[in-house]
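>>> sequence plus predicted model, see below.
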Amino acid sequence: MSTGVIIAIVVVVIVLAAALTTVMLRPGGLGGRNLHRRFGPEYDRALRRHDGDSKAAEKELSERLDRHKDITLRPLSAEAREEYAARWAGVQEHFIDSPAKALGEADALIENLSRDRGFPDAKSGEHFDALSVHHARNLQGYRDAHEIAGRSGDDGTSTEEMREALVRARVLFEELMGADGKHVASRRDADTDRAEEPNADAEHGSGSRSGVLGRREN
């Protein structure tokens with residue numbers, strides 16, 4: 001093979017590699033699709049934050065991924081797992097009489113659990129970003145619970161809104177409780193949770209809509 005042919009082949013390879021890189025980094029290209037697939041609703045959230053600018057949203061998500069992709073989950077001891085499960089059961093019981101307080105307890109409980117598993121503390125500013133890299137599809141319920149819990153006074157948030165936030169936050173709680181240091185995705189959704197304890201409302205009256213939260217079995 002002549003030197004000229006070899007040079008031509010090298011040039012073609014370089015051009016193809018450059019073209020592939022351009023496609024992957026282009027908003028809406030392979031890179032964008034991969035980010036959308038990985039982050040799901042967090043991709044859409046980032047897109048809204050950047051007023052529909054997909055390039056800016058993908059840049060933000062790529063930077064999150066680079067910062068937090070190598071987090072290794074620390075295992076929970078059996079004792080810690082039992083304690084967290086018991087505390088979550090308490091949160092659900094408290095919801096009947098004090099929804100706002102129970103939501104604040106759930107917010108703090110998930111924060112503590114995520115920190116014990118190896119995620120950054122909420123005060124670090126990287127808490128939600130790190131969780132979004134590993135738990136993007138079930139993070140919004142926790143975001144909502146955290147936001148509602150952080151409000152002061154009567155801001156008009158209904159008991160139903162708090163119940164729905166708690167139901168969805170529980171999915172993240174269960175993922176973080178996953179055994180053997182692995183993420184165990186819960187396949188429940190709000191509709192499943194509504195059906196778990198169909199007699200709870202009848203037993204406690206309209207003020208006990210938390211009955212549909214159900215219990216996590218260990």
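Sure, I can see it.
>>> element containing His94?
helix 78-97 (DSSP states H and E).
>>> what's the first helix or strand after that helix?
Following helix 78-97 in sequence order, the next helix or strand is helix 99-117 (DSSP H and E).
>>> does the next helix or strand after that next one pack against any helices or strands, and if so which?
Using DSSP H and E, the next helix or strand after helix 99-117 towards the C-terminus is helix 127-135. Applying 3 or more C-beta pairs under 8 Å, 6 or more residues apart in numbering; DSSP states H and E, one finds that helix 127-135 makes contact with helix 54-68, helix 99-117, helix 159-176. The C-beta positions use only the backbone N, C-alpha and C, and glycine is treated the same way.
>>> closest to Ala78 out of these?
helix 99-117 (13.6 Å; C-beta to C-beta).
>>> any idea how this protein splits into domains?
Following automatic domain parsing, one gets these domains for the chain: 3-68, 78-213.
>>> in terms of mean pLDDT, which of these ranks lowest?
In terms of average pLDDT, domain 3-68 trails the rest of these, at a mean of 74.
>>> list of residues touching stretch 33-49?
24, 53-54, 57-58, 60-62, 65, 132, 136-137, 139-140 (C-beta atoms under 8 Å, 6 or more residues apart in numbering).
>>> 6 Å - rerun?
Residues from elsewhere that reach stretch 33-49 (C-beta atoms under 6 Å, 6 or more residues apart in numbering): Ala57, Glu58, Glu60, Leu61, Ser132, Ala136, Arg137, Gln140.
>>> now, of those residues, which are buried?
Ala57, Glu58, Glu60, Leu61, Ser132, Ala136, Gln140 (16 or more other C-beta atoms under 10 Å).
>>> ok, the residue nearest to Phe119 when sequence neighbours are not counted - contacts?
If the residues on either side of it in the chain are set aside, Phe119 comes closest to Ala130, at 5.0 Å by C-beta to C-beta, 6 or more residues apart in numbering. Ala130 makes contacts with His68, Phe119, Pro120, as judged by C-beta under 6 Å, 6+ apart.
>>> re earlier: quick check: the two most widely separated of the contacts of stretch 33-49?
The largest distance within the contacts of stretch 33-49, taken as C-beta to C-beta, falls between Glu58 and Gln140 and amounts to 19.3 Å.
>>> what's the burial count for Arg48?
10 (other C-beta atoms under 10 Å).
>>> just the element for it, please.
For Arg48, the host element (DSSP H and E) is helix 41-49.
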